[in-house]
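Enquirer: A structural model of the following input is requested.
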Amino acid sequence: MATANQRDQDERPESGTDGSPTDLYAFAVRLRRMNGEINRLVQGFAGDHGLHATDIQALAAIMDAEEPMTPSGLRRHLGLTSGAVTACVDRLERAGHIRRVRESADRRVVHLHYEPDARAAARSYFRPLAGATEAARSRFGEQELAVVVRFLEALNEELAAVRPSGG
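Expert: Here you go, the predicted model:
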């Protein structure tokens, strides 16, 4: 009887899979595994705070934005309808994670800010993720880590350009 791994070997896509530790399949497996582990932690945080997984994606987008995030920017980033973004922002504001601020001369423009207390709560919750990341980083030299960062940046650029086929 074949093991799950042996069956997986037989089901590998043909393109970019030569069986080496750096082939496309090897990357896909590890990225899925990492995504699953991060999603597990995110789901726990969302559940503990009465939020949806999309709300956590919104918080990350607000936190990581290079300029103040707006509801329309959040809509584009998450690929949601304006109504869904409004519901998400309402939940996050009610839960004390963000606040809406009208900072510009145009009072119609609303910026979304991550509340400092909520940020501290998230940092506390995700401290084990930071610890695991630091433990993994400590196994590599600076040059290796620079390559990893370059790879992740390139992958994120490529993924940002991918659009769902829209069945």
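Enquirer: so which elements touch the longest helix along the chain?
Expert: Counting residues, the longest helix found in the chain (DSSP state H) is helix 24-48. Helices and strands touching helix 24-48, by 3 or more CB pairs under 8 Å, 6 or more residues apart in numbering; DSSP states H and E, are helix 53-64, helix 116-125, helix 127-137. Any C-beta I mention is one placed from the backbone N, CA and C, and that applies to glycine too.
Enquirer: pick the most deeply packed of those helices.
Expert: helix 53-64 (a mean of 18; mean count of other CB atoms under 10 Å).
Enquirer: in a helix, Arg100, correct?
Expert: No: if the criterion is DSSP: H, G, I helix; E, B strand; the rest coil, then Arg100 is strand and not within a helix.
Enquirer: for it, list the residues it contacts.
Expert: Val89, Glu93, Val110, His111, Leu112 (CB atoms under 8 Å, 6 or more residues apart in numbering).
Enquirer: can you select the buried ones from the residues you listed in ChimeraX?
Expert: Remark: buried members of those, expressed as a ChimeraX selection using 16 or more other CB atoms under 10 Å:
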select :89,110,111,112
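Enquirer: among the contacts of Arg100, which pair sits farthest apart?
Expert: Glu93 and His111 (12.6 Å; CB to CB).
Enquirer: show the average pLDDT along stretch 86-99.
Expert: Average pLDDT, stretch 86-99: 94.
Enquirer: for stretch 151-161, that is, sorry about that
Expert: pLDDT averaged over stretch 151-161 gives 92.
Enquirer: can you check stretch 116-128 too?
Expert: 91.
Enquirer: equivalent analysis for stretch 35-48, please.
Expert: Taken as a whole, stretch 35-48 has a mean pLDDT of 93.
Enquirer: tell me the buried residues in that stretch?
Expert: In stretch 35-48, counting by 16+ other CB under 10 Å, buried: Val42, Phe45, Ala46.
Enquirer: for Glu66, see how far away Arg100 is.
Expert: Here the criterion is CB to CB, to the nearest Å. By it, Arg100 lies 19 Å from Glu66.
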